[in-house]
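# Based on what follows, work out the 3D shape:
(one chain, ligands or ions: 1)
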Amino acid sequence: MEFITYEVENQVGIITINRPKALNALNSTVLDELDATLDQVDLEEVRVLILTGAGEKSFVAGADIGEMSSLTKAEGEAFGKKGNDVFRKLETFPIPVIAAINGFALGGGCEISMSCDIRICSDNAVFGQPEVGLGITPGFGGTQRLARIVGVGKAKEMIYGARNIKADEAYRIGLVNNVYPQEELMPAAKKLAATIAKNAPIAVRNCKKAINEGLQVDMDQAIVIEEKLFGDCFETEDQKAGMGNFLEKDKTKKLKVVPFKNR
Ligand code: DAK
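Below is the predicted model of the structure:
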């Protein structure tokens, strides 16, 4: 791969967009490679993904403006579809994805982070949807996901004004869960990933599905989605081990790590 690195550590897959000279801007190759990387994730082993950018300056500074500048309408649509397909693949990926945002997250960069389940950032992070200043609308889900995450009023203010915000404001409006000094960001992302990875993977996956799918429908339908995914956990080795461990009164056994299974 030219622009993506992928490594696995302790059941956590780390995907790094590695195009620092262009501040990790998303061109077609980056999108294709990201798509291929997601296809290669071994879901028998990996329980959580972390998505980050190479270097200390930028997570992703948006879609590649150079590549986009000469697109025809048809090419623009094809580029948009490529991005949206990958972003949606991330959003609906079976396991949780943490965005570790280590600097600029502008345009497509902000949008890709919003396709992840959880966002944490370094204190130099900058978020924004500057597209209207470039004569376009956010095209990788920004108008939809930002409003859902931070609320309609804040999203409209940021998008209409093409106003960038810094890490502290992103934290205040709920766009990120936490802010860390740059050098502490990846350790914090790994710690968060490890906390998730030690829990029953089938249950974690079902929680992701329940939350994501439930938010798209009314409460009556959402509860049915939850019921189904709750029911799916039963008769799994994880459910038997998890509950069995609790019911065992032997404290030493209770402390042992439950050998949760990825199936
Ligand atoms: N695209 C391409 N190259 C970029 C880039 C980008 N988005 N952002 C930065 N670079 C490149 C710069 O051109 C420069 O390259 P060289 O000149 O060294 O070759 C290098 O990265 C370093 O950037 P700067 O020299 O500008 O660094 P500074 O620290 O001075 O400034 C900055 C950093 C992030 C403030 C600045 O680079 C900047 O404003 N970048 C653009 C940010 C931006 O506007 N991003 C949003 C892009 S629009 C669509 C769907 C989605 C989209 C479009 C269509 N469809 C449905 C069709 C998405 C659109 C966007 O994301």
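# For the longest helix anywhere in the chain, the averaged confidence score.
Assignment by DSSP state H gives helix 73-91 as the longest helix of the chain. Taken as a whole, helix 73-91 has a mean pLDDT of 93.
# What is the three-state secondary structure of the residue most central in space within the chain?
Residue closest to the average C-alpha location in the chain (Cα atoms, centre = their mean): Cys116, at 1.5 Å. When classified by DSSP: H, G, I helix; E, B strand; the rest coil, Cys116 comes out as coil.
# okay, it: pLDDT?
98.
# check contacts around it.
Shown in contact with Cys116 (Cβ atoms under 8 Å, 6 or more residues apart in numbering): 51, 90-91, 97-99. From N, CA and C alone the C-beta is placed, and that goes for glycine too.
# try 7 Å this time
With contact taken as Cβ atoms under 7 Å, 6 or more residues apart in numbering, Cys116 is in contact with 51, 90, 97-99.
# What of Ala36?
No residues are in contact with Ala36 under the rule Cβ under 7 Å, 6+ apart.
# Contacts for stretch 84-93 next, please.
So stretch 84-93 is contacted by 31, 34-35, 38, 49, 97, 111-112, 115-116, 140-141, 212 (Cβ under 7 Å, 6+ apart).
# Run through the residues of the protein sitting next to the ligand.
22-23, 25, 61-66, 68, 76, 79-80, 83, 104, 106-108, 130-131, 134, 136, 139-140 (Cβ under 6 Å from any ligand atom).
# Go ahead and confirm Pro181 touches Cys121.
No - the pair Pro181 / Cys121 is not scored as a contact, 10.9 Å apart, by Cβ atoms under 7 Å.
# quick one, strands of the stretch 51-200 of the chain?
58-60, 97-101, 104-106, 118-122, 126-128, 165-166, 178-180 (DSSP state E, counting those that start in this stretch).
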